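**Student:** Build me a structure from this.
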Amino acid sequence: MKTIRFLIGLAVALSVCMIAGNAVGVSSAYKNNIYNTGALKPTDSILKVKVGDPAPDFTLPSVKDGMVLLSQFKGKKNVVLSFIPAAWTPVCSDQWPGYNILQPIFEEFDAVLLGISVDNIPTLYAWTNQMGDLWFPVLSDFWPHGALAQKLGILRSNGTTERAVFIIDKKGIIRYIDVHDINRRPPLENIVRELKNL
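**Tutor:** Okay, the predicted model is just below:
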């Protein structure tokens, strides 16, 4: 438990440094290319799934790993889906690097993390390349535009997605949903708590 608290604290500290523009290992080119969206409407969609529902299967292209199917993890891994609204925006650019420090926790709870955005592969490639190495697959829900986000009910009226986290157990059942205020990063400790509950 002390290790978990330490890693969460470290991830939060790293995120604070990144927000302040002092990210460790992040190039100045990355910092100077972040588009400030300003404050957005916290949520702008109607959820179409609930805890206890089977997660809709999907096949999405990954920046580095070819095609990724949700069904490939069934019976093998718990799955955490992390949807971010758009590449090259402040909170999104802070959120995913923060998960890098938590890799041992995901492994401890037999879970895989899938980062998902409605941006296309070239955009996600350039953006995540500036972040440094992410240990988890980054997937594109670009075409048909936001098809998975639409199935889940998290596609916003402007074509981006909500900032949302879904935890799916090894049986393919949704066990946790957090459609978060788009202006804020979902707390890491909530993800850890829910993985522990599985």
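
**Student:** if I look at the residue positioned nearest the centre of the chain, how far off is G38?
**Tutor:** For the chain, S82 is the residue whose C-alpha lies nearest the centre (C-alpha atoms, centre = their mean; 2.3 Å). Distance of S82 to G38, computed by C-beta to C-beta, to the nearest Å: 23 Å. For the C-beta atoms, the positions are set from N, CA and C on the backbone; glycine is no exception.

**Student:** now do V91
**Tutor:** 12 Å.

**Student:** Neighbour count: those two, which is higher?
**Tutor:** Using other C-beta atoms under 10 Å, the more surrounded residue of V91 and G38 is V91, with 22 against 7.

**Student:** give me the element the more buried one is part of.
**Tutor:** Take DSSP states H and E as the rule and V91 turns out to sit in helix 90-100.

**Student:** how about that helix: buried residues?
**Tutor:** Residues of helix 90-100 classed as buried by neighbour count (16 or more other C-beta atoms under 10 Å): 90-100.

**Student:** what's M67 in contact with, if anything?
**Tutor:** Counting by C-beta atoms under 8 Å, 6 or more residues apart in numbering, M67 makes contact with 59-61.

**Student:** Out of the residues you listed, the closest to L188 would be?
**Tutor:** L60 (23.7 Å; C-beta to C-beta).

**Student:** Show me how far the helix or strand where L124 lies is from its chain's centre.
**Tutor:** Counting by DSSP H and E, the element that carries L124 is helix 121-131. Between the centre of helix 121-131 and the centre of its chain there are 14 Å (C-alpha atoms, centre = their mean, to the nearest Å).

**Student:** Run through the neighbouring helices and strands of that helix.
**Tutor:** Secondary-structure packing of helix 121-131 (3 or more C-beta pairs under 8 Å, 6 or more residues apart in numbering; DSSP states H and E): helix 28-31, helix 90-100, strand 138-140.
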